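Asks: Show me how the following folds:
(chains A and B)
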Amino acid sequence: MADKYDPQEIEPRWQKQWEADGLYIAREDPDKPKWYFLTMLPYTSGDVHVGHWYPMTPSDAAARYKRMRGYNVFFPIGFDAFGLPAENAAIKRDIHPYIWTMSNIENMRRQIRSMGAMWAWDHEAITCLPEYYKWTQWFFLKFYEMGLAYWDTALVDFCPHCDTVLAREQVWGEDRHCERCKTPVIKKNVPHWKFRITKYADELLDFSQIDWPQPVRVMQTNWIGRSEGAEVVFTSEDGDDIPVFTTRPDTLWGATFMVLSPEHPLVAKLTSEECREAVEAYQAQAARLDEIARTAVDKEKTGVFIGGCAINPVNGERIPIWIADYVLMTYGTGAIMAVPGHDKRDFEFALKFGLPIIPVIAPPQDVAKSFVKAGTMREGFAAALAEAGIPFEERDGALYVTMSGDLADRYIPLAQAYIRPDSWTEVVGARWAFIFEDAFEDAVLPLGVRDDEVILARCQALESAVGDKHTVMEMLYGQEFYRDLLYHDAYGTMIHSKEFSSTPGDVAVQKVTEWLEQQGTGKFAVNYRLRDWLISRQRYWGAPIPMIHCPECGIVSVPYEDLPVLLPEDAEFLPTGESPLKLHEGFRYVRCPQCGGDAERETDTMDTFMCSSWYHYAYVSPYWKAGEKIGPDDTPWDPDAGRYWLPVDQYTGGIEHATMHLLYTRFFTKVLRDMGLVDFDEPMERLFNQGMILGEDGEKMSKSRGNVIAPDDWVSRYGADAVRAYLMFIGPWEEGGPWNPQGIEGVRRFLHRVWSVVVEESASQRIGEPAEKEIADLRRQTHQTIKKVTEDIEAFKFNTMIAALMGFDNYLMKARETEVFGTEAWDEAVDNLVLLMAPSMPHIAEEMWQRRHPGPSVHLQSWPKWDAELAKEEIITLVVQVNGKVRDRFQVAAGIDEAAAKELALASPRVQKHIAGKTVRKVIFAAGKLVNVVAN
RNA sequence: UCCUCGGUAGCUCAAUUGGCAGAGCGUCCGGCUGUUAACCGGUUGGUUGCAGGUUCGAGUCCUGCCCGAGGAGCCA
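Replies: Predicted coordinates:
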């Protein structure tokens, strides 16, 4: 039997045998714990490349492992079959999307089968088949009944290349491009259907019931973007309410102007006649900007004054109202209070347009500064400062004073005592004061809304260079020395805020919000960045939205018993950018189910993420109730099978779906729960994000780059087991990495060595009985390997798992030439090696197992258990350090106690050499590891 | 600019949670072999991104910075 390892012969043979034996048919079995292992649904692009193998084969290994651990494992597969590529193929090559898709699936099935994975093919689901999308449509009707689906017309993201609107989640990047085709999207007013995912925003922020990777949780959390604050009602001079949302009600006293979004409904009413022309021009410009591809990231603030003022409810101040495109109509209330002292955007805007900037929060550092221009102080000022212990620098006759707030309190009267009549100076930062020579009470002025003009006027009177400044802050900004103190957005003690001044930063927001509620001018409020999910697509190849627009009855649902609304097979695919369904009269024109009059069918189809939001439910009993009429009280899958298999125990897939599929499917499950169809809150309990396999050049694989690796080639050269093992060995699964054709060589050699160890005889003749120690060593290696492999596969550390198997095999290669060959311990070692390999390299493991134990499949065996006693090291290397440097080593019994170890260490001549002439201060013992002698 | 995750030998990665910095590939040397993309043994390899700190002891913990990847982008 010393034949060669021949994967090309072994692999197809076992795949056929497993199928004939029905080894991977999934059946509910109440006597066994179930384990639903799911990998993300592949899209029917037509070709399986190594990018598909990368997530699938380690998943298969993990699923097989669970099965050997006694679980009834469900590992289904199917196809995400709707979508644009099929329709584009139809337009380009005159092939029907259905034909194109199904022939792709045919090819992909063959390629996926070549992995030798334990797929439950008898549960395969294909989303574009009517018996599947019948239920997708059923979900739509249920959502509509629950008030979770609504029809709307608004400016939405539109991809001009795909000729369809997109959900906000499907617009990516700085240039806002289409997630699928990379074309920058535009804004367009298109009627569409949306799902109220925002209703579940708070619940979607709760990850307490799922074990998902932190990056996904962070991305979803950011995407949902919950922020707490207050809604505060400002009023126009005519008494119109202008509510604003703010996260910083503690800065209300620093609001020196308001900004409305250019689209804000009150703009027209509040605009004065003098400003109307400019305002309308700006609105037009802003609207045009939306439609033009936003390639330029125009950071420069723009905006115009509309001629009206608003009243700040906290202090009755009149503040000007502006419009600017940095305020979005789609977030909050479309209007903001601008606090330029503590908001960067408002600060930039105020500086550019000469609006006052008032600090109302003490800065985080207790630093105040004062700049004293040459010639503004009487003789002796510098000496007086020095005497008062106030630090300063002198450059070119000017003084630069940097001090703490307490010192600033001493500095202010001192400066006033020395200031010349024709001059002034100021203190900024931890204190704010303008110091003039006058004997009047207001010789030292704080900085407040009303004081801005007063101070500026006085400064302008004294210094002509200030003449062109609009505000005090603009003047101060001209002095480089002050800049880092003029603006900050930290929390801190409130200042310049009337009775709230000196409220500490940690309670300021809450105190002010409570007060607003008492006054009736504001209330606690929460805002989200998340938008409702736009599910309409103006295309053919998707599940038709089962709705009808009737001129008499309005929007009417298609009755449940009429589902599915079938895609017409005879649609025409023309490169017009118009949906073929719109042009198909037989599809479009229908009778109203309510009044029987002429009506029109909705021609939009659903986002394919609808299909994939519930496919893991479909898998338990695909095409449930096929051919039957269904009603609102049905369940889209066999409820008994669902109770057994659901929810998904382990999900694997790429992180690129973090804010799309993975968010949508959580939303779906919460709605299903509210429908009473499931009794859990989350679709997948555990999630693992594998990384991406890259081309040899380290770049993402793509046809245009020509770096795509076709697994078919490598399978025919090295076998599926080698490709599987190599993909696992390449590096940590979550990181991915480049394909390296040299790396697979190492794996191939490993498989040959294993074959040789397991199948071939020892080359040397046994001449005697093995020593007890040799047997113990072999068993220790065996049990340590079982432990390592088990722990690694549990943690999805496939790369180190393969490395452990390699190490064990290398050990066996050597042991084979000793007396342990052929002993009971040897057989135990080899059997365990084969069992440990079975999940990752199923074919070679099966072949080797059958040669040793003809009968039931290796994949029906139990996973080996390790014996902690046998795995334990008996002898360890005790490292001896002097002052942290290794000076000696001893082979000692693993259980050596502290006293013995210390004695041994101190007796060492090498240690003695290094502590000669020094005093031993301390001897540290780390059990089982080392002794460190501290001496000086 | 903000958030998250990374940075260890030429390359790809380990290092049992604070205790000897190691493997595979590659390199080089040797052996074996009538040599198919073969096999065996050995060799070479390090400022653990940088600078501090804590500690008897730091790749590992803390602080700051540099570089890379991903995400968010005027989100009030």
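Asks: In CSV, could you pull the C-alpha coordinates for the helix or strand where A:Thr101 lies?
Replies: Taking DSSP states H and E as the definition, A:Thr101 sits inside helix A:97-113. Extracted C-alpha coordinates of helix A:97-113, given in CSV (Å, rounded to 0.1, in the frame of the first residue of the first chain):
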residue,chain,number,x,y,z
PRO,A,97,-31.4,37.6,-16.8
TYR,A,98,-33.0,34.4,-15.7
ILE,A,99,-31.0,32.3,-18.2
TRP,A,100,-27.8,34.2,-17.4
THR,A,101,-28.3,33.7,-13.6
MET,A,102,-29.3,30.1,-13.7
SER,A,103,-26.4,29.1,-16.0
ASN,A,104,-24.0,31.0,-13.6
ILE,A,105,-25.4,29.0,-10.7
GLU,A,106,-24.9,25.8,-12.6
ASN,A,107,-21.2,26.6,-13.0
MET,A,108,-20.8,27.9,-9.4
ARG,A,109,-22.4,24.7,-8.0
ARG,A,110,-19.8,22.6,-9.7
GLN,A,111,-17.0,24.8,-8.5
ILE,A,112,-18.3,25.0,-4.9
ARG,A,113,-18.7,21.2,-4.8
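Asks: Check the contact between A:His470 and A:Gly354; I expect there is one.
Replies: Yes - using CB atoms under 8 Å, A:His470 is in contact with A:Gly354, at 2.9 Å. Backbone N, C-alpha and C define where each C-beta goes, glycine included.
Asks: In terms of neighbours, single out the busier of the two.
Replies: A:His470 (15 against 12; other CB atoms under 10 Å).
Asks: what sits against that one?
Replies: Taking CB atoms under 8 Å, 6 or more residues apart in numbering, we find A:His470 in contact with A:354-355, A:456.
Asks: near RNA strand B, from these?
Replies: Applying CB under 7 Å from any atom of the strand, the subset of the contacts of A:His470 adjacent to RNA strand B is empty.
Asks: Is A:Met337 part of a helix or strand, or is it coil?
Replies: strand (DSSP: H, G, I helix; E, B strand; the rest coil).
Asks: Mean pLDDT per helix and strand in chain A: which one sits at the bottom?
Replies: Using mean pLDDT, DSSP states H and E, strand A:444-445 stands out as the lowest-scoring helix or strand of chain A, at a mean of 64.
Asks: low-confidence ranges in chain A?
Replies: Chain A contains residues with pLDDT under 70 at A:1-2, A:289-299, A:439-450, A:761-767.
Asks: Looking at the stretch 401-550 of chain A, which residue is nearest RNA strand B?
Replies: As assessed by CB to the nearest atom of the strand, RNA strand B sits closest to A:Arg529 within the stretch 401-550 of chain A, at 3.9 Å.
Asks: need the contact list for the closest residue to that residue other than its chain neighbours.
Replies: Nearest residue to A:Arg529, sequence neighbours excluded (CB to CB, 6 or more residues apart in numbering): A:Gly225, at 2.7 Å. Contacts for A:Gly225 (CB under 8 Å, 6+ apart) come out as A:528-530.
Asks: A:Trp866 now?
Replies: Counting by CB under 8 Å, 6+ apart, A:Trp866 has contacts A:783-784, A:786-787, A:790.
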